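Peer 1: predicted model and sequence follow; I will ask about them next.
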Amino acid sequence: MATATDRPKINAEPTKTFFVDMLTRDIALEQAVLDLVDNSVDGAKAMKDDGERPFEGREVQITFDSEKFTIWDNCGGFDSDTARNYAFRFGRPAKAKATPHSIGQFGVGMKRALFKFGNRFSVRSATSNDAWAVDVDVETWENDESGWEFPWADFEPNEKLSQNNPGTEIIVSDLRPEVSGKFSSKNFENSIIGLIKSKHRQFIAGGLQISVNGSAINATSVQLLMRDDFTPGTDELEFGEGNNRVAVRIIVGVGPSSPREAGWYVVCNGRVILEADRRAVTGWGLIEESSNSLLIPTFHNQFARFRGIVHFDSQNSSLVPWNTTKTDVDQDNAIWQASFERMMEMMRPVITFLNELDSDIDEHTREQSPLYEHISAAKVVRPEELPRAKAEFAAPARGTLAKRVKTVKIQYSKPVSQVEHLMEELSLGSAKAVGERTFDLIFQEMGEE
């Protein structure tokens, strides 16, 4: 009888087909597209200049239809050594060189997208010192049990991609049937445009040009209201040091009334993870355990003006509190938990003010509310325009503003000849002026109360 040491080892290697299926199963097609955009943005970040528009001149072009998907950028590319040892690995090797402040840091995004989209893909990339290409038939590769390597292909430079114009181009063809159907849908195209506009608003505002099927994407921004006695609250926190330092900036305030835009915005290394979030994850409906009382109410339209923005930034992108698909926060992340407490502290006075505003409108009506009139005269600012110094949220207390005199419109008809006579006698120029002047005269005669 053979002993355990005499027997051949048990084969526990995954099949390529199973691995690819598991890799792509639980990610939405839209998110797979965003993963590729994230990689281009990382390239643009590595090339950014100083100034208000640091990504000026960087460009990402995305095109897709029922036949193929293409993404091209001029964001510097990556060399063949990176391609050989890291970019196509399934997961991030422990010794892989870190990309400071990156957003494509989990090491699965590009591969997941390539296999998600179709059965054939080519990747071409050029830096100023190197150029390379791969061309993979997925079915042939899956059936080859000799190894997990991808074969190199010849790199043919052209006007859009060369060592003189560094960048990356990815083309996926022979699309999966379900992908082909979506890529030919106008609704899907609009969804991708909306997601990129939301998730990468900071980079687009900084000059990065992104287009989808020829449509350029414009920058959008969160809007806050501000005037002398009505200002957002801001604070900055810091965790760790050196390459493991995480800088946190929290902003709370009041914006134009819009339920769709109200809530918390969570941004990690410039990438928007949550937009207008109104769930318990960001504190809505939070109950204080010690007193079992409601600390933050659940969201309803009374809070349609609330805006909260929290930025997490770190050279070590594994420390910022996002999940692996960058679609939500990691609530177990210690930095998120510590920052969350401060977020709630800063959120509470804004909620109190919005309750006061609602009460003022109930008492005086929207047209006559002193508080509503006061904030309606505030100017709109972008969060990026606010000073970096710490500041508490400031707003006028209800009852401290001068009340508007309630008015009622009086309307009546009189013969034209009589009105014209009074206009001449009183030296007035309109029928409206006659009505107002005669009211004042009779009111004075009867005695003011």
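Peer 2: That came through, no problem.
Peer 1: can you give me the buried ones in stretch 211-223?
Peer 2: 212, 217, 222-223 (16 or more other CB atoms under 10 Å). (Glycine included, C-beta is placed from N, CA and C.)
Peer 1: which strands and helices sit next to the helix or strand hosting T352?
Peer 2: Assignment of secondary structure by DSSP states H and E places T352 within helix 334-364. Based on contacts counted as 3 or more CB pairs under 8 Å, 6 or more residues apart in numbering; DSSP states H and E, the elements that helix 334-364 packs against are strand 233-239, strand 246-254, strand 306-314, helix 370-376.
Peer 1: now the angle between strand 246-254 and it, please.
Peer 2: Here helix 334-364 runs at an angle of 10 degrees relative to strand 246-254 (axes from the mean of the first three to the mean of the last three CA atoms, to 10 degrees).
Peer 1: state the mean pLDDT of helix 334-364.
Peer 2: For helix 334-364, mean pLDDT rounds to 96.
Peer 1: list the buried ones in it?
Peer 2: Applying a neighbour-count criterion of 16+ other CB under 10 Å, the buried positions in helix 334-364 are 335-336, 339-340, 343-344, 346-348, 350-351, 353-354, 356-358, 360-361, 364.
Peer 1: lowest average pLDDT across the helices and strands packed on helix 334-364?
Peer 2: Taking the average pLDDT of each of these, the minimum falls on helix 370-376, with a mean of 94.
Peer 1: tell me where the stretch 151-300 of the chain has strands.
Peer 2: With DSSP state E, counting those that start in this stretch as the definition, the stretch 151-300 of the chain shows strands at residue ranges 152-153, 167-175, 209-212, 215-216, 224-226, 233-239, 246-254, 263-268, 271-277, 287-288, 293-294.
Peer 1: dump the buried residues of stretch 211-223 to JSON lines, plus pLDDT and distance to A389.
Peer 2: Formatted as JSON lines, these follow (pLDDT from 0 to 100; distance: CB to CB, whole Å):
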{"residue": "V212", "pLDDT": "98", "distance to A389": "39"}
{"residue": "I217", "pLDDT": "96", "distance to A389": "33"}
{"residue": "V222", "pLDDT": "94", "distance to A389": "19"}
{"residue": "Q223", "pLDDT": "96", "distance to A389": "21"}
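Peer 1: go through those residues and flag which are in helices.
Peer 2: Among the buried residues of stretch 211-223, DSSP state H puts none in helices.
Peer 1: closest one to G270 out of the residues you listed, please.
Peer 2: V222 (14.1 Å; CB to CB).
Peer 1: for that closest one, what are its contacts?
Peer 2: By CB atoms under 8 Å, 6 or more residues apart in numbering, V222 lies in contact with 255, 261, 265, 307, 309, 382-383.
Peer 1: residues contacting E392?
Peer 2: Residues in contact with E392 (CB under 8 Å, 6+ apart) are 233, 349.
Peer 1: again, only this time at 10 Å
Peer 2: 231-235, 252, 346, 349 (CB atoms under 10 Å, 6 or more residues apart in numbering).
Peer 1: now the residues you listed: which count as buried?
Peer 2: When the contacts of E392 are checked for burial by 16+ other CB under 10 Å, the buried set is 231-235, 252, 346.
Peer 1: now the residues you listed in CSV, with distance to A431?
Peer 2: As requested, these are exported to CSV (distance: CB to CB, whole Å):
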residue, distance to A431
T231, 46
P232, 47
G233, 51
T234, 53
D235, 58
V252, 51
M346, 54
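Peer 1: tell me the one of the residues you listed nearest V434?
Peer 2: So of the buried ones among the contacts of E392, ranked by how close each gets to V434 (CB to CB), first place is T231, at 46.0 Å.
Peer 1: how much space is there between the closest one and D21?
Peer 2: 53 Å (CB to CB, to the nearest Å).
Peer 1: got it, and D229?
Peer 2: 60 Å.
Peer 1: over to G104?
Peer 2: Plainly put, G104 is 23 Å away from D21 if you go by CB to CB.
Peer 1: quick one: which of the two has more around it?
Peer 2: Between G104 and D21, G104 has the larger neighbour count (other CB atoms under 10 Å), namely 23 against 11.
Peer 1: just the helices in this protein please.
Peer 2: Using DSSP H, helices in the chain cover 16-25, 29-46, 80-82, 109-117, 138-143, 177-183, 186-199, 201-205, 334-364, 370-376, 416-425, 431-446.
Peer 1: could you list the low-pLDDT ranges of the protein?
Peer 2: Within the chain, the stretches with pLDDT under 70 are 1-2, 92-98, 105-107, 288-292, 402-406, 448-449.
Peer 1: how does it divide into domains?
Peer 2: 16-216, 224-385, 416-446 (automatic domain parsing).
Peer 1: I'd like the ones you listed as JSON lines, with distance to L401 appended.
Peer 2: Converted to JSON lines, the domains of the chain look like this (distance: least, CB to CB, whole Å):
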{"stretch": "domain 16-216", "distance to L401": "34"}
{"stretch": "domain 224-385", "distance to L401": "4"}
{"stretch": "domain 416-446", "distance to L401": "26"}
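Peer 1: out of the ones you listed, which gets nearest to T400?
Peer 2: Comparing those against T400 with CB to CB, the closest turns out to be domain 224-385 (8.7 Å).
Peer 1: what's the offset of the closest one from the middle of its chain?
Peer 2: Average the C-alpha atoms of domain 224-385, do the same for its chain, and the two points are 14 Å apart (CA atoms, centre = their mean, to the nearest Å).
Peer 1: can you get me the start-to-end distance on that domain?
Peer 2: For domain 224-385, the separation between the terminal residues is 10 Å (CA to CA, to the nearest Å).
Peer 1: what's the answer for stretch 317-330, then?
Peer 2: This stretch, stretch 317-330, spans 13 Å end to end (CA to CA).
Peer 1: repeat for stretch 216-228
Peer 2: Across stretch 216-228, the terminal residues are separated by 37 Å (CA to CA).
Peer 1: if we can go back for a sec, now do the helix holding T352 against strand 233-239, angle only.
Peer 2: Using the same axes, to 10 degrees, helix 334-364 lies at 170 degrees relative to strand 233-239.
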